[in-house]
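Visitor: Sequence and computational prediction follow.
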Amino acid sequence: MAAMASYDGIEFLVFRLKNSMIDLYMTDLGYQILGDYYLAADLAVMFERPTENGTGGGLPRLLPNEPYASSLPSLVHLFKRIGDEIDLALSGWRDLPEPSLLDSSLDTCRNPLRAVLASGASVSTGSSNGNAVFVAGTVGPYLESAIENAAELSGLTMEAFKTNVLREIPRVVSSLDQVAIILGGALLAEQGAIDAARQAIADLVEATEQNCAALAQAASNANSQSAQGPGLIEVTFKFVAALATTAAAFATGPAAAGVLTAGASMLTFAIDTAGISDDFSRTASSFDSTLSALKDGVHEIDQNLRVAEEAIDNNLRLNYDAVLKDATNSFQLTLDAINSEDIDNNATGPNPNQAGVEALVIDRSKVEAIYGYDLPQAAAEIAGIRNTPLDLNIALYRDQGIGLSPKGPTTWFFELTNLLRQRLTDLEVAIRSGRKGA
């Protein structure tokens, strides 16, 4: 059983397969392999073997040292037709995308997390439910400064600010975190599916070639077709293992830029692998049965990849619905405009208490720092990255003819990239709302 062939050498593997398939075709007819020639059983005629790249060959010769026998039928077109059949069977599978091409999209997916989250560090907003804003990167220092400045302030406006903005920001951040992790997990699963397909094709081509070579050599050595025993083409598929690398890996892996906040339990990390086969096995003892086995193997890989794509897409749909239904995703980040009744005046003394909240003298410089600098800067940083999710779409354009849908996982992936962009916009708006009336 062939194992772990290199897809990077797929063209070389195909060249060898063409040669071995032609060898098997000729030994099926009773020819013996003799160096660069096929020798007939009656020793009356020889035909040239193909070159190392699987092309050419088929010209007849009466004896090894005589000129080409122009009166004998040529097998050139027959050999070419065999090569063309192999090319057709593998059409679309010899230029699968590099899984590493998705690395840039994974990085793009992590950018929003880098901007608003930190792995381990957090600043509490004083929320009664224990939520915290995970601050890091470019946005974190501004939010942290706003939280610290607000901690020293009181009065109705400050209470409203803390309640409606600072305590709600974790909900927005959590939703942003959820969507980014779901998308990242899908990208990892997509990467794994493509890698599994590449490996499966390489292993199938190598296993088929090795089976052909063994059968042809056995027949040639005995100069008789009867010497051929039953051959076996076996390939182990890696699709199931590849799809196990999902959102959980993106969330917990060393390259992750953040951790899950509220709502983590509602995400569906597992991708359903029902309908994906673990291996492929066919008995093949002749040219015809070997070619048929090759086509069957490609078809099974195609089916596995289609099921994998559908499973990834379905996982995105389930998580998309869950994110939209999650109670922590309601964005009610409003703040009443600051007015003179909410801010105490040092000259006239404190204003009357309102709604049972004790009004204290406010350090206006801290108010101005929050509204004039901290929140605008944080919002500006968010605005700078809010369109980055759109970059994720580019890397997933695939060939529809080989099992991958036209853009990889389609509808739900794009719905989620749009949702991620919307969440970033929501966060920007939420932060900007804190300076209304300032």
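Guide: Arrived safely.
Visitor: can you pull out the strands in the chain?
Guide: 32-34, 37-39, 46-48, 60-61, 123-124, 132-133, 232-236, 279-283 (DSSP state E).
Visitor: any chance of those in CSV, plus mean neighbour count and mean pLDDT?
Guide: Heads up, the C-betas are built off the backbone N, CA and C, glycines and all. Listed next are these as CSV, based on neighbours: other C-beta atoms under 10 Å; pLDDT from 0 to 100:
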stretch, mean neighbour count, mean pLDDT
strand 32-34, 17, 91
strand 37-39, 22, 91
strand 46-48, 22, 91
strand 60-61, 18, 81
strand 123-124, 16, 38
strand 132-133, 22, 40
strand 232-236, 20, 90
strand 279-283, 16, 93
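Visitor: so can I have JSON lines of those strands showing distance to M4?
Guide: Output for those, formatted as JSON lines (distance: least, C-beta to C-beta, whole Å):
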{"stretch": "strand 32-34", "distance to M4": "28"}
{"stretch": "strand 37-39", "distance to M4": "32"}
{"stretch": "strand 46-48", "distance to M4": "34"}
{"stretch": "strand 60-61", "distance to M4": "40"}
{"stretch": "strand 123-124", "distance to M4": "48"}
{"stretch": "strand 132-133", "distance to M4": "46"}
{"stretch": "strand 232-236", "distance to M4": "9"}
{"stretch": "strand 279-283", "distance to M4": "14"}
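Visitor: What segments of the stretch 201-350 of the chain are helices?
Guide: 239-243, 247-252, 287-325 (DSSP state H, counting those that start in this stretch).
Visitor: so S74 sits right up against G57, yeah?
Guide: No: counting by C-beta atoms under 8 Å, S74 stays clear of G57, with 10.0 Å between them.
Visitor: of these two, who's got more company?
Guide: Comparing S74 with G57 by neighbour count (other C-beta atoms under 10 Å), the higher total belongs to G57, at 23 against 15.
Visitor: residues in contact with that one?
Guide: 22, 47-51, 75-76, 79 (C-beta atoms under 8 Å, 6 or more residues apart in numbering).
Visitor: 6 Å instead, please
Guide: Residues counted as contacts of G57 (C-beta atoms under 6 Å, 6 or more residues apart in numbering) are 48-50, 79.
Visitor: Distance of I82 relative to T290?
Guide: Distance of I82 to T290, computed by C-beta to C-beta, to the nearest Å: 11 Å.
Visitor: Between the two, which has more neighbouring residues?
Guide: Ranked by neighbour count (other C-beta under 10 Å), I82 and T290 place T290 first, with 27 against 21.
Visitor: I'd say that one and A284 touch.
Guide: Yes: counting by C-beta atoms under 6 Å, A284 is a contact partner of T290 at 4.1 Å.
Visitor: How about L424: what's its closest non-neighbour residue?
Guide: Distance criterion C-beta to C-beta, 6 or more residues apart in numbering; nearest residue to L424, sequence neighbours excluded, is R386 at 3.8 Å.
Visitor: what does L232 give?
Guide: Counting by C-beta to C-beta, 6+ apart, the residue nearest L232 is T283, at 5.9 Å.
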